[in-house]
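*Asks:* what follows is a predicted structure for the sequence shown.
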Amino acid sequence: MQIRIIVIILISILILETLSSFFVYFDEGKVVNIKDLFLNMPEDFPSSFYIILLRAKNPHFYNFIYHLLMKDLYFYNRLSKYKLIEFKGFKVRDDIQFYGKSDMLCLMLSFWAYSNRLKFIDDFKIGIIGDVSEEGKVLPVLGINNKYSIALSENLNVLILPFQNEKDLNKKKGDLYCIFVNDIEEAKKNLLKFSVPEVVNIR
């Protein structure tokens with residue numbers, strides 16, 4: 001009888017461990033300034049842009065049920081295997097492992113702001129989340145609630161997110177000012193609202 005129970009337990013563990021290998025959850029994350037992500041960034045590059053990096057982990061038999069009940073599991077094959085090495089000619093720092101495309105919108109907007117010489121108030125922190133299609137559509141990302149929580153804890157001032165993620169976000173009213181956008185042009189227009197007009201001295 002005892003042997004039968006042990007066998008059942010071992011089989012159950014094996015089944016759970018096999019199932020868990022198809023899923024991931026986000027364990028922790030951090031906020032990184034765009035200027036700190038790449039090597040040899042220009043001094044005048046705007047320092048207001050932040051990305052939120054998450055670390056994906058595989059569950060195991062002992063915590064699979066917990067994460068399943070918490071509804072924070074994602075199929076492993078939904079993760080992007082794309083590794084960012086460089087962007088606009090600037091190389092990613094060796095000590096940062098940057099996988100996925102969920103911060104492509106932030107990269108595109110920050111370099112657009114730089115090329116257009118946009119200025120922002122000192123210490124103004126803009127978090128931007130979202131992938132971008134070839135047609136310029138802003139695409140939804142995984143782990144949106146994890147990223148929102150990190151943005152909130154790191155005292156970001158505003159968060160720009162994909163419109164399609166709005167229904168997935170569990171936020172309390174007034175926690176963090178969020179802007180949901182459908183495409184890159186809409187994101188640019190919203191970003192302009194936070195830029196500081198350039199003052200020209202007239203003699």
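*Replies:* Good, I have the coordinates. Numbering: from 1, shown residues only.

*Asks:* OK, contacts around the residue nearest to the spatial centre of the chain?
*Replies:* For the chain, the residue nearest the mean C-alpha position is Ile52 (4.4 Å; C-alpha atoms, centre = their mean). Contact partners of Ile52, counting by C-beta atoms under 8 Å, 6 or more residues apart in numbering, are 29-32, 103, 127, 129, 147, 150-151. Bear in mind the C-beta positions are built from the backbone N, C-alpha and C, glycine included.

*Asks:* excluding its backbone neighbours, what's nearest it?
*Replies:* Nearest residue to Ile52, sequence neighbours excluded (C-beta to C-beta, 6 or more residues apart in numbering): Lys147, at 4.4 Å.

*Asks:* list the buried ones in whichever helix in the chain runs longest?
*Replies:* Counting residues, the longest helix found in the chain (DSSP state H) is helix 2-20. Residues of helix 2-20 classed as buried: 16, 20 (neighbour count, 16 or more other C-beta atoms under 10 Å).

*Asks:* can you tell me what sits against that helix?
*Replies:* 58-61, 64-65.

*Asks:* and the next helix or strand past that helix?
*Replies:* Once helix 2-20 ends, the next helix or strand along the chain (criterion: DSSP states H and E) is strand 23-33.

*Asks:* show me how to select, in ChimeraX, the buried members of the contacts of Ile52.
*Replies:* ChimeraX command restricting the contacts of Ile52 to the buried ones, with burial defined by 16+ other C-beta under 10 Å:
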select :29,31,32,103,127,129,147,150,151
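
*Asks:* pick the one among the contacts of Ile52 closest to Pro140.
*Replies:* Nearest to Pro140 among the contacts of Ile52 is Ile129, at 9.4 Å by C-beta to C-beta.

*Asks:* any idea how far Leu37 is from that closest one?
*Replies:* Distance, Ile129 to Leu37, by C-beta to C-beta, to the nearest Å: 15 Å.

*Asks:* returning to what we had before: by neighbour count, which of the contacts of helix 2-20 wins?
*Replies:* Pro59 (23 neighbours; other C-beta atoms under 10 Å).

*Asks:* could you report the pLDDT at the residue nearest to that one when sequence neighbours are not counted?
*Replies:* Distance criterion C-beta to C-beta, 6+ apart; nearest residue to Pro59, sequence neighbours excluded, is Ser20 at 4.4 Å. In the predicted model, Ser20 carries a pLDDT score of 95.

*Asks:* Val199 too?
*Replies:* So, for Val199, pLDDT stands at 47.

*Asks:* Phe98 now?
*Replies:* At Phe98, the pLDDT value in this model is 82.

*Asks:* what's the end-to-end length of stretch 91-98?
*Replies:* 11 Å (C-alpha to C-alpha, to the nearest Å).

*Asks:* which residues in the chain form helices?
*Replies:* 2-20, 34-37, 64-70, 104-115, 144-153, 184-192.

*Asks:* list the buried residues of the third one.
*Replies:* The neighbour-count check on helix 64-70 (16+ other C-beta under 10 Å) flags 64, 67-68 as buried.

*Asks:* could you do the fourth one as well?
*Replies:* Taking 16+ other C-beta under 10 Å as the basis for neighbour counts, the residues of helix 104-115 that come out buried are 104-111, 113-114.
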